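Undergrad: below are the sequence and a predicted model; questions follow.
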Amino acid sequence: MRLDKFLAECGFGTRTEVKKLIKSGCVEVKGDEKVRPETHIDENSSEIFVNGKKADYRKFVYLILNKPSGFISATWDKKLPTVIDLVPEEYIHFDVSPVGRLDIDTEGLLLLTNDGDLNHRLLSPKNHVPKTYIAKLLNPVKNEDIETFKKGMDLGDFETLPSTLEIISQNEPYTAKVTICEGKFHQVKRMFEKVNNKVLYLKRIKMKNLILDENLDLGKVRELTNEELEDLLK
Ligand code: URA
């Protein structure tokens, strides 16, 4: 890989900016006397320093966001703020996208990555990746709803797969935990409507084996730990 491409992918700026950086003499490639933008380096073994600090190359980045209400799960929108507006500057050059969608008013766990393969694997309908939500409801859950969710229900345009419905509180705010293995548009809200209830608040707390970190404030982003990533890639 060319040195200027490597540095741009490490987040040191655009190709033009990193060319300037190289020309200013701030970049050192170990074992190479004459450093030029077109110098060929090995991204896995070359040792490259910018202003004396080692540049770390990574192709992919995996971020967890505690999504607040009011942001859409897209990379760009004409009018509305998107989840990308919440990504810290240092990760912008990775060009991450959200893995799936949460409604504008849904909060909670949203994974953001530039790893297209993982994104595809987690979203592929044939993989039935479980997603768990906490729902605050207008009415208490009826016992028969648990069975209806378990059996799967006809939502008109599709039949839901068996899902798990667990009662958390039968006092206000009526609260339930639901796990679905697909991710159709407004699915959880539609499932509760089907049993004559209404979702007033929705928060995703888990996707596959990735759990929303209690310490991650609303609107905040952090990288997955190695352990979380290994579990997710399994
Ligand atoms: N189901 C919904 O209805 N909304 C979401 O944001 C996610 C799942």
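TA: Structure received.
Undergrad: need the helices for the protein, in chain order.
TA: When assigned using DSSP state H, the helices of the chain occupy the ranges 3-9, 15-23, 89-92, 116-123, 143-151, 187-194, 226-233.
Undergrad: and Gly219, which of these is closest to it?
TA: helix 89-92 (14.7 Å; Cβ to Cβ). For glycine as for every other residue, the C-beta is placed from the backbone atoms N, C-alpha and C.
Undergrad: got a list of what the closest residue to Leu216 other than its chain neighbours touches?
TA: Closest residue in space to Leu216, ignoring its immediate chain neighbours: Asn66 at 4.5 Å, by Cβ to Cβ, 6 or more residues apart in numbering. The contact partners of Asn66, by Cβ atoms under 8 Å, 6 or more residues apart in numbering, come to Glu107, Gly108, Leu109, Leu212, Asp213, Leu216, Asp217, Leu218, Gly219, Lys220.
Undergrad: just the buried ones from these?
TA: Glu107, Gly108, Leu109, Leu212 (16 or more other Cβ atoms under 10 Å).
Undergrad: next, work out how far apart the closest residue to Asn119 other than its chain neighbours and Arg190 are.
TA: Once flanking residues are discounted, Asn119 sits nearest to Val99: 5.0 Å by Cβ to Cβ, 6+ apart. Distance from Val99 to Arg190, counting by Cβ to Cβ, to the nearest Å: 21 Å.
Undergrad: so which of those two has more stuff around it?
TA: Ranked by neighbour count (other Cβ atoms under 10 Å), Val99 and Arg190 place Val99 first, with 25 against 17.
Undergrad: so which of the helices of the chain gets nearest Asp103?
TA: Of all the helices of the chain, helix 187-194 comes closest under Cβ to Cβ, at 7.6 Å.
Undergrad: anything in that closest one near the ligand?
TA: Yes - Helix 187-194 lies within reach of the ligand by Cβ under 6 Å from any ligand atom, at Gln187, Val188, Lys189.
Undergrad: quick revisit: and the residue nearest to Leu216, bridged to which residues?
TA: Leu109 (DSSP bridges).
Undergrad: how many neighbours does Gln187 have?
TA: Using other Cβ under 10 Å as the criterion, Gln187 is surrounded by 18 other residues.
Undergrad: likewise for Lys78?
TA: Lys78, neighbours per other Cβ under 10 Å, totals 4.
Undergrad: now it: how far from Ser97?
TA: For Lys78, the distance to Ser97 equals 18 Å [Cβ to Cβ].
Undergrad: so which of the residues of helix 187-194 next to the ligand is the closest to Thr39?
TA: Nearest to Thr39 among the residues of helix 187-194 next to the ligand is Gln187, at 51.3 Å by Cβ to Cβ.
Undergrad: what residues are up against the residue nearest to the closest one when sequence neighbours are not counted?
TA: Nearest residue to Gln187 in three dimensions, chain neighbours excluded: Ile180, at 6.0 Å (Cβ to Cβ, 6+ apart). Contacts for Ile180 (Cβ under 8 Å, 6+ apart) come out as Pro130, Lys131, Tyr133, Thr160, Leu161, Ser163, Gln187, Val188, Met191.
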